[in-house]
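[1] Quick one: sequence plus predicted model below, questions after.
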Amino acid sequence: MTTMLYKRIVQAVKGLRLRSGCPKTNGIGRSHIAPEMNPSESFLEQEEEEDSKWSNLPPELLLDIIQRVEADQIDWPSRRDVIVCASVCKSWRECTMETVQTPEHSGSITFPISLMQPAPRGTPIQCFIKRDRATSTYRLYLGLTPAMSSRTSKLLLAAKRSKRATRTDFLISLSGHDFSSKSNKLVGKLKSNFLGTKFAICESQQVSSSSKKKKKLQPARVSMSKVGNISYELNIIQSRGPRRMKCAFDKIPMSAIKEGGIAPTPTKFQCPDTGSELEEPLVLRNKSPRWHEQLQCWCLNFKGRVTVASVKNFQLVASPEPYQDISDEEQDRVILQFGKMGKDFFSMDYCYPLSAYQAFAICLSSFDTKPVCE
């Protein structure tokens, strides 16, 4: 009886989503958007009546429904049902947000804020990046490979490369097509220096307006706050070897990679940054490859996730100071790996304490031209 009631409620909730004109995703990064409508008063009254009906469910029954949906729908696109539950009404949204765990504990990416939260410990979240040379855009999808994920891949983030006179910018957005600096979908930016050897990872932050006029609603200004740095070592004498890089994150402590260590886990977007820089921030370096005599090339063990040799391929591990007491096992653990799988397709696997956004920003830096580093 309980199972039948659960199924009927879930089907009814899905019906609410379809009637409300929510976008229906079909294929990689494509959405079919329903046109805007001017509903009649009777339709509005019907919606209000339905919302009231759903919001008045007993808390115990509501919690049971959300927990079942969250447990059953683990992978995308079926996990969209969890988002549907959060969009029914305020009580459903609050219950869903309390039930769904962060990627660190669940291993799943559910809400957009999950992209700014650390990945699980030990088990990497596997993604791939698709490069579009014609439009200079890079799209990050959740999945093993384009072939295996097929049309079920979930678009996580997208970036657009913008060349300026003295630097290159990568605008990072939740949308695959909206990269406007005034858009609320813009989550951050990657900025380079003139040579393409140093990069700053920035996150968007809302700055509340100080205007005292209450009659006019003024849009909140968006500023960029630096959260990390990436640097590539110069190779002026053109010695043999891959690129050498280092990454430092101002808000993640080095102790986060230890067992029981804690990394910041934001709960909402665009919060003003009130914290100060850490005395011992997390520093990552690329893992040194070994020279293979038979193949006559530098090699790393990507465990089958990289199939094409490229100067862009890398693995990042922790680079602590001797006094920081980090074990050899923790220093050897790969936190982020990136490599070429085919023409314009690259794998990206990341672990705790990095988030999808931070890992994506690091990988984007590898696409910029670096003649003085190779």
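    The structure has been received and is ready for your questions. This one's a predicted model, so the numbers in the text were calculated from it and none came from an experiment.

[2] residue boundaries of the helices in this protein?
    Counting by DSSP state H, the chain has these helices, from start to end: 2-19, 41-55, 59-72, 80-86, 90-99, 103-106, 146-149, 328-332, 356-365.

[3] per-stretch mean pLDDT over the ones you listed, give me the minimum one.
    Out of these, the stretch the model trusts least by mean pLDDT is helix 41-55, with a mean of 52.

[4] number of nearby residues for Phe199?
    The burial metric for Phe199, expressed as a neighbour count using other CB atoms under 10 Å, is 25. Placement of C-beta: from N, CA and C, glycine included.

[5] Same check on Ser288?
    Burial measure for Ser288: 12 neighbouring residues, criterion other CB under 10 Å.

[6] What sits closest to Phe194 if chain neighbours are left out?
    Excluding the flanking residues, the one nearest Phe194 by CB to CB, 6 or more residues apart in numbering is Thr166, at 5.2 Å.

[7] Need the phi and psi values for that neighbour.
    The phi and psi torsions at Thr166 (degrees, to the nearest 10) take the values phi -120, psi 0.

[8] ok, it to Leu195 distance?
    With distances defined as CB to CB, to the nearest Å, the gap from Thr166 to Leu195 amounts to 10 Å.

[9] more crowded one of these two?
    When Thr166 and Leu195 are compared on other CB under 10 Å, the one with more neighbours turns out to be Leu195, at 15 against 7.

[10] Let me know the pLDDT of that one.
    What the model reports for Leu195 is a pLDDT of 84.

[11] before we move on, what about Arg243?
    At Arg243, the pLDDT recorded in the model is 80.

[12] biggest strand in this structure by residues?
    With residue count as the measure and DSSP state E as the assignment, the chain has strand 221-232 as its longest strand.

[13] Quick check: Ile129 touching Ala361?
    No - at 11.8 Å, Ile129 and Ala361 do not qualify as touching, with contact defined as CB atoms under 8 Å.

[14] how about low-confidence regions in the chain?
    By pLDDT under 70, the low-scoring segments of the chain are 1-52, 147-152, 206-222, 235-241, 270-277, 370-374.

[15] Can you pull the domain assignment for it?
    In terms of domains, the chain is parsed into 2-29+38-100, 125-210+219-373 (source: automatic domain parsing).

[16] need the contact list for Arg305.
    With CB atoms under 8 Å, 6 or more residues apart in numbering as the criterion, the residues that contact Arg305 are Gln126, Gln337, Gly339, Met341, Ser347, Asp349.

[17] rerun at 6 Å
    Applying CB atoms under 6 Å, 6 or more residues apart in numbering, one finds that Arg305 lies in contact with Ser347.

[18] and it, how far is that from Leu186?
    Using CB to CB, one gets 29 Å for the distance from Arg305 to Leu186.

[19] Repeat that for Pro353.
    Between Pro353 and Leu186 the distance is 24 Å, computed by CB to CB.

[20] Who has more neighbours out of those two?
    Neighbours per residue, other CB under 10 Å: of Pro353 and Leu186, the larger number sits with Pro353, 25 against 20.

[21] All the strands of the stretch 51-200 of the chain, in order from the start?
    Along the stretch 51-200 of the chain, the stretches classed as strands by DSSP state E, counting those that start in this stretch are 125-132, 137-142, 154-163, 168-173, 186-192, 198-207.

[22] Put together CSV for those strands, with distance to Tyr357 on each row.
    As requested, the strands of the stretch 51-200 of the chain are arranged in CSV below (distance: least, CB to CB, whole Å):
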stretch, distance to Tyr357
strand 125-132, 12
strand 137-142, 9
strand 154-163, 7
strand 168-173, 7
strand 186-192, 6
strand 198-207, 8
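
[23] Which of those strands sits closest to Leu316?
    Ranking the strands of the stretch 51-200 of the chain by distance to Leu316, with CB to CB as the measure, places strand 198-207 first at 13.6 Å.

[24] Give me the sheet partners of that closest one and which way each runs.
    Each strand that pairs with strand 198-207, with its direction, by DSSP bridges: strand 186-192 (antiparallel), strand 221-232 (antiparallel).

[25] Packed most tightly, which of those strands would that be?
    Burial of these is given as mean neighbour count (mean count of other CB atoms under 10 Å); strand 186-192 ranks first at a mean of 22.

[26] now that one: how far from the chain's centre is it?
    13 Å (CA atoms, centre = their mean, to the nearest Å).

[27] when you give positions from now on, start the count at 619
    Renumbered: residue one is now 619, and that last one reads strand 804-810.

[28] That one vs helix 974-983, what angle?
    The directions of strand 804-810 and helix 974-983 differ by 30 degrees, with axes from the mean of the first three to the mean of the last three CA atoms, to 10 degrees as the criterion.

[29] Quick one: work out the angle between strand 804-810 and strand 772-781.
    Between strand 804-810 and strand 772-781, the angle comes out at 40 degrees (the same axes, to 10 degrees).

[30] With just CA atoms, put strand 804-810 into PDB.
    These are the backbone C-alpha positions of strand 804-810, laid out as PDB (Å, rounded to 0.1, in the frame of the first residue of the first chain):
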ATOM      1  CA  LEU A 804      28.300  33.200 -14.500                       C
ATOM      2  CA  VAL A 805      30.000  31.500 -11.600                       C
ATOM      3  CA  GLY A 806      33.600  32.600 -12.200                       C
ATOM      4  CA  LYS A 807      36.500  33.400 -14.400                       C
ATOM      5  CA  LEU A 808      40.100  32.200 -15.100                       C
ATOM      6  CA  LYS A 809      42.500  35.000 -16.000                       C
ATOM      7  CA  SER A 810      46.000  34.600 -17.400                       C
END
